[in-house]
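**Q** Kindly return the folded structure for what I paste below:
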Amino acid sequence: MAIANRTETIAPSKENAASKIARHATVLSGQLQQLRTRMYPPKSEKMLRQFLTNEVSKLTSIPDSTLKLMSSEGRGPVPSRLENNHRVYTLAQINELRELFAKQKPTEALRFLPRRRPGEHLQVMAIANFKGGSAKTTTCVHLAHYLALHGYRVLALDLDPQASLSAMFGAQPEIDVGANETIYAALRYEAAERRSIREIIRKTYFDGIDLIPGNLEVMEYEHETPRVLAQKSGSGVIFFERLKLALAEVESDYDIVILDTPPSLGFLTLSAIYAATSMIITVHPAMLDVASMSQFLLMMGDLISVLNESGAQLDHDFIRYLVTRHDPNDAPQSQVVAMLRHLFGTDVLLPTAIESTAVEAAGLAKRSLYELEMGQIGRDTHKRAREAVDAVNEAIVQLINASWGRG
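**A** The predicted structure is shown next:
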């Protein structure tokens, strides 16, 4: 890693705190931009890897032999060839295969293309906890990628001013996200400056996932809302309804919306809770984190009561706790997990997101496990981590399908 110019890092004498913090922010931002430029050179974009035929078969339930026959006969999307002559497909081509088979076999359409059907509501899922380090963003990214790989249409919405979710999708918050390009643009109270949510949604390199990025601008909503409430104004729309109404504009375009909430219980988090049809609360199995979650739940309960008194009707399909960064061999962690399961029963998801060097290595490269190719990390390490993440995401998908009445 290149080190920033030494003259930039020497503080001038008697520098006050404000100028020091501003200078450090500038230096760090420049360093991050250098690293980003090395990872993703100018005019290049983050790209998703291609998938081998056996991977495509697992994702789509289309037999490997059928895929090879189609390729030989020139039917369906044309795969590329690797140097070893193995066929590989892009995710867009995989989705093309899904649509092709869903049309050819209408009685089995859901098996190939699981998108929601008429009468099935948009699933808006908030990933929440105000304790930092509970793996909210990691959970969001892996869930979004898993859903898209299995044929769902996903909108990922970054409500966190730190914008880690945006960075994972290749959007550097202080460089690639300009003024009025976050969810704040659709929520702001000044009608003249407000934008339609459609205008701020971005396509991503990951076919099936769109993104509304975040940056520090989203904090403006936290600053403006108290002033509007004090003035008893706000265009006739109560603050906590604004996000739900914005999402309603694009309801027909998606199956699932994933909300990466801020690590606080502010107006944005309240808006997310109100807009959500389901909630996943991430928790690291350590007593300090559980104590923090206890305070989070107490505060959230009080605030939901206030929302109810204001006429808000909260009706979530499900609320579940997800144990994250879990080391099954750690005895104190095992005791905490056992306590949570004793207290909350089946409200704690049975699969846990295990702590793994594979997840950490992928995160350093701003990738999920689903983006890594075999050989980039140890095979066994990757396999164990991938199986754990798959199990978590499969459990969440089962809850979504149950909410749609699919059993």
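
**Q** pLDDT below threshold where in this structure?
**A** Confidence mapping of the chain against pLDDT under 70 gives the ranges 1-14, 16, 18, 20, 29, 32-33, 35-45, 233-237, 374-375, 407.

**Q** So which residues of it form strands?
**A** Residue ranges of the strands in the chain, as given by DSSP state E, are 51-52, 80-81, 87-89, 123-128, 154-158, 202-203, 209-212, 256-260, 278-283, 318-323.

**Q** outside of the second one, which residues touch it?
**A** Applying CB atoms under 8 Å, 6 or more residues apart in numbering, the external contacts of strand 80-81 come out as Gln50, Arg87, Val88, Tyr89. In short, each C-beta sits where N, CA and C put it, glycine included.

**Q** Does the second one touch Pro77 like I think?
**A** No. If you go by CB atoms under 8 Å, Arg87 and Pro77 don't touch, sitting 10.6 Å apart.

**Q** can you pull out the helices in the stretch 1-150 of the chain?
**A** Residue ranges of the helices in the stretch 1-150 of the chain, as given by DSSP state H, counting those that start in this stretch, are 6-9, 17-39, 53-60, 64-73, 91-104, 109-112, 136-149.

**Q** oh sorry, the question was meant for the stretch 301-407 of the chain
**A** 331-344, 357-364, 379-403.

**Q** any chance of these in JSON lines, plus distance to Ser19 and mean neighbour count?
**A** Shown next, in JSON lines, are the helices of the stretch 301-407 of the chain (distance: least, CB to CB, whole Å; neighbours: other CB atoms under 10 Å):
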{"stretch": "helix 331-344", "distance to Ser19": "43", "mean neighbour count": "14"}
{"stretch": "helix 357-364", "distance to Ser19": "31", "mean neighbour count": "17"}
{"stretch": "helix 379-403", "distance to Ser19": "43", "mean neighbour count": "17"}
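
**Q** Nearest to Met219, out of these?
**A** Of all these, it is helix 357-364 that lies closest to Met219, at 24.2 Å by CB to CB.

**Q** Taking their axis directions, the closest one and helix 379-403 sit at what angle?
**A** 80 degrees (axes from the mean of the first three to the mean of the last three CA atoms, to 10 degrees).

**Q** now the angle from helix 357-364 to helix 136-149?
**A** Between helix 357-364 and helix 136-149, the angle comes out at 90 degrees (the same axes, to 10 degrees).

**Q** what's next to helix 357-364, contact-wise?
**A** Against helix 357-364 from outside (CB under 8 Å, 6+ apart): 138, 368-369, 371-372, 376-378, 381-382, 384-386, 389.

**Q** please redo it, this time with the cut-off set to 10 Å
**A** 135, 137-138, 141-142, 164, 168, 324-325, 353, 356, 367-372, 376-378, 380-386, 388-389 (CB atoms under 10 Å, 6 or more residues apart in numbering).

**Q** quick one, phi psi at the closest residue to Gln333 other than its chain neighbours?
**A** Of all residues not flanking Gln333 in the chain, Pro285 sits nearest, at 4.3 Å (CB to CB, 6 or more residues apart in numbering). Backbone torsions for Pro285, taken as degrees, to the nearest 10, come to phi -80, psi 60.

**Q** who are the neighbours in contact with Pro285?
**A** Counted by CB under 10 Å, 6+ apart, Pro285 has contacts 323-328, 330, 332-340, 352, 355.

**Q** ok, the closest residue to Leu91 other than its chain neighbours - contacts?
**A** Among residues not flanking Leu91 along the chain, Asp207 sits closest, at 4.2 Å (CB to CB, 6+ apart). Neighbour list for Asp207: Leu48, Thr90, Leu91, Ala92, Gln93, Ile94, Asn95, Glu96, Ala148, Leu149 [criterion: CB under 10 Å, 6+ apart].
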